[in-house]
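Visitor: Kindly generate the corresponding structure for this input.
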Amino acid sequence: MTYRDVASRQVLIWACTAVASRMPVAMTPLALVFLVRERPGGYTLGAALAAVYVLGEIIAAPVLGLRLDPARGRRHLVVGLAGGAVGFAGLGVLAGAHPVVLGAFAFLAGAAPAATAGGQRALLTSLVPERAVPQALSAESMLMSGVWAVSPVAVAGLALAVAPRVPLLLAGALMAASIVGQLLLPAGWTNGEQEGAGKAGRAKSRVLIRAWPVYVTGAASITLLGLCELTVPALLEQRGIGVGWSGPMLAGMAVGAGLGAFLYGLRSWPGRLRARSVVLMCGMSVFVSLAALIPGAAGIAIALVLAGMLQSGALITRNLSLREALPPSALAAGYSVLYAAAGAGYAAAGSLAGGLLQWVEPSTAVLAGVQLTLVLTALGWWGEARREGSGAGSGAAVNLDVVAAPGAEGPPIAGGCDAERRL
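Guide: Numbers count the residues shown, from 1 in each chain. Sure, this is the predicted structure:
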């Protein structure tokens, strides 16, 4: 297994399409703050618009993900990208509009393309050999780490040097451009024999619910990441360090995440996926705790980089765990639910940080977030172990492909290995 297995023209087109469609997602929260910050109460309004945007993502991702047709997913993704482009363009063009109008466009920008990440990830894994799926997911994680490292710098530079509306106009243009790339990719990620109506849709919902431990652990990793991003400025101020260092430190964390994803894909790792996830989450928690306790800037920066390295590995194990828990025709929906869970985790981190920072020191708030993360990680591990122990792969809820295609060859899917082989 090497990264050469994922090097192809189709994967290159996919990468360009993914960057164009996800860069707007990474840019939006900060771009919304810059868009309205010069209005009375601008920062509060910006935070509210960002919350509406994230709410749109959280609500729409599972709903639209369930409707994705694996055989003809491209048309669903194109429609979602077009809606997102309209939402971003509306925010940029109507920058001075009433807050309710801006909120409507922010919700549309978040909701319309909410299932795109899940559909694109399912499509990526169908473009590479089965043996190269971990490398493909690692490459995706590296790509997204770069996107998240570059986007805040791009937003701040464009908003301050050109105009506050420019980042959102750029976001709309990028999302519109991603439609072209999506049209150059295959129409779907299955052969069209796995999807049926009615009964299959109900089976898909049941099998997605059974994968809840994966969503819990995925949300836990994002909760801790969000807590770092939201509390680092306050933590640096507590330590007497210039708040301006928060940007480079968080960029270093993103770079660390990209490096961690690369290292994860270099080899196969021992142990069950759930065990790897727990080890990575506990390691990440240790380094985040050290960042909260170390007094010096250099030590905090190193701890954040190491935390980022482990966090990307934890997210990759969650994606691989979904492949074990779900049949192929439910993977895109599962990835979309995981995306929604990650958004919910980030929102929870914001609420937790905002509440705790009014009463305790930033370092104490970070340590409280670490404890919450460890509780969620333990809950997710227990759920996965319980599901495996009770034969989670059995029953109608897991035999989705068999329900949808009664004449399909092969044995019923029983979770892990069979699901991976049949992708």
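Visitor: what's near enough to touch residue 232?
Guide: Listed by Cβ atoms under 8 Å, 6 or more residues apart in numbering, the contact set of residue 232 reads 246, 249, 250, 304. Placement of C-beta: from N, CA and C, glycine included.
Visitor: Would you mind naming the helix or strand containing the third one?
Guide: This means residue 250. helix 246-264 (DSSP states H and E).
Visitor: before we move on, back to that, out of the contacts of residue 232, flag the one nearest to residue 380.
Guide: Set against residue 380, the nearest of those by Cβ to Cβ is residue 304 (23.4 Å).
Visitor: Which elements pack onto the helix holding residue 250?
Guide: Here helix 246-264 touches helix 133-161, helix 212-238, helix 297-325, going by 3 or more Cβ pairs under 8 Å, 6 or more residues apart in numbering; DSSP states H and E.
Visitor: wait, which of those is closest to residue 335?
Guide: helix 297-325 (6.6 Å).
Visitor: ok so, going back, state the mean pLDDT of the helix holding residue 250.
Guide: What helix 246-264 shows for mean pLDDT is 85.
Visitor: What of stretch 315-326?
Guide: Here the average pLDDT along stretch 315-326 is 85.
Visitor: can you pull the contacts of residue 178?
Guide: Here residue 178 is in contact with 17, 18, 20, 21, 81 (Cβ under 8 Å, 6+ apart).
Visitor: Run through the stretch 301-423 of the chain and note the low-pLDDT ranges.
Guide: 390-423 (pLDDT under 70).
Visitor: Of the helices and strands packed on helix 246-264, which shows the lowest average pLDDT?
Guide: Looking at the helices and strands packed on helix 246-264, the bottom one is helix 212-238 with a mean of 83.
Visitor: how far does that one sit from the chain's center?
Guide: 13 Å (Cα atoms, centre = their mean, to the nearest Å).
Visitor: Pull out the buried positions in it.
Guide: Buried residues in helix 212-238, defined by neighbour count with 16 or more other Cβ atoms under 10 Å: 212-236.
Visitor: Repeat that for stretch 54-74.
Guide: 54-62, 64-66, 68-70, 73-74.
Visitor: likewise stretch 146-163?
Guide: 146, 147, 148, 149, 150, 151, 152, 154, 155, 158, 159.
Visitor: same check, this time on stretch 367-385
Guide: Along stretch 367-385, these residues count as buried under the neighbour rule (16+ other Cβ under 10 Å): 367-370, 372-374, 376-378, 380-381, 383-384.
Visitor: Output it as CSV, nothing but the C-alphas.
Guide: Only the C-alpha atoms of stretch 367-385 are listed here, as CSV (Å, rounded to 0.1, in the frame of the first residue of the first chain):
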residue,chain,number,x,y,z
LEU,A,367,-9.2,21.0,30.8
ALA,A,368,-13.0,20.8,31.2
GLY,A,369,-13.3,20.3,27.4
VAL,A,370,-10.7,17.6,27.6
GLN,A,371,-12.7,15.8,30.2
LEU,A,372,-15.9,16.0,28.1
THR,A,373,-13.9,14.7,25.1
LEU,A,374,-12.7,11.7,27.1
VAL,A,375,-16.2,10.9,28.2
LEU,A,376,-17.5,11.0,24.6
THR,A,377,-14.6,8.9,23.5
ALA,A,378,-15.3,6.3,26.2
LEU,A,379,-19.0,6.3,25.2
GLY,A,380,-18.2,5.7,21.6
TRP,A,381,-15.7,2.9,22.4
TRP,A,382,-18.3,1.2,24.6
GLY,A,383,-20.9,1.5,21.8
GLU,A,384,-18.7,0.0,19.2
ALA,A,385,-17.6,-2.8,21.5
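Visitor: Reformat the buried residues of stretch 146-163 as a markdown table; add distance to residue 187.
Guide: Formatted as a markdown table, these follow (distance: Cβ to Cβ, whole Å):
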| residue | distance to residue 187 |
| --- | --- |
| 146 | 28 |
| 147 | 26 |
| 148 | 29 |
| 149 | 33 |
| 150 | 31 |
| 151 | 30 |
| 152 | 35 |
| 154 | 32 |
| 155 | 34 |
| 158 | 35 |
| 159 | 38 |
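Visitor: Out of the residues you listed, which is nearest to residue 314?
Guide: Closest to residue 314, out of all of the buried residues of stretch 146-163 and judged by Cβ to Cβ, is residue 148, at 15.7 Å.
Visitor: Let me know the distance separating that closest one from residue 254.
Guide: 5 Å (Cβ to Cβ, to the nearest Å).
Visitor: Below-threshold pLDDT in the stretch 51-200 of the chain: ranges please.
Guide: Residues of the stretch 51-200 of the chain that meet the cut-off, pLDDT under 70, sit at 191-200.
Visitor: which residues in it form strands?
Guide: Using DSSP state E, counting those that start in this stretch, no strands are found in the stretch 51-200 of the chain.
Visitor: ok, now which ones touch residue 370?
Guide: By Cβ under 8 Å, 6+ apart, the neighbours of residue 370 are 224, 227, 285, 288, 289, 292.
Visitor: give me that answer again for 6 Å
Guide: The contact partners of residue 370, by Cβ atoms under 6 Å, 6 or more residues apart in numbering, come to 285, 288, 289.
Visitor: Which residue, neighbours along the chain excluded, lies closest to it?
Guide: residue 285 (4.9 Å; Cβ to Cβ, 6 or more residues apart in numbering).
Visitor: Please apply the same query to residue 166.
Guide: residue 158 (4.6 Å).
Visitor: Just confirm the one you found contacts residue 165, I think it does.
Guide: No - in this structure, residue 158 is not within contact of residue 165 by Cβ atoms under 6 Å, at 9.4 Å.
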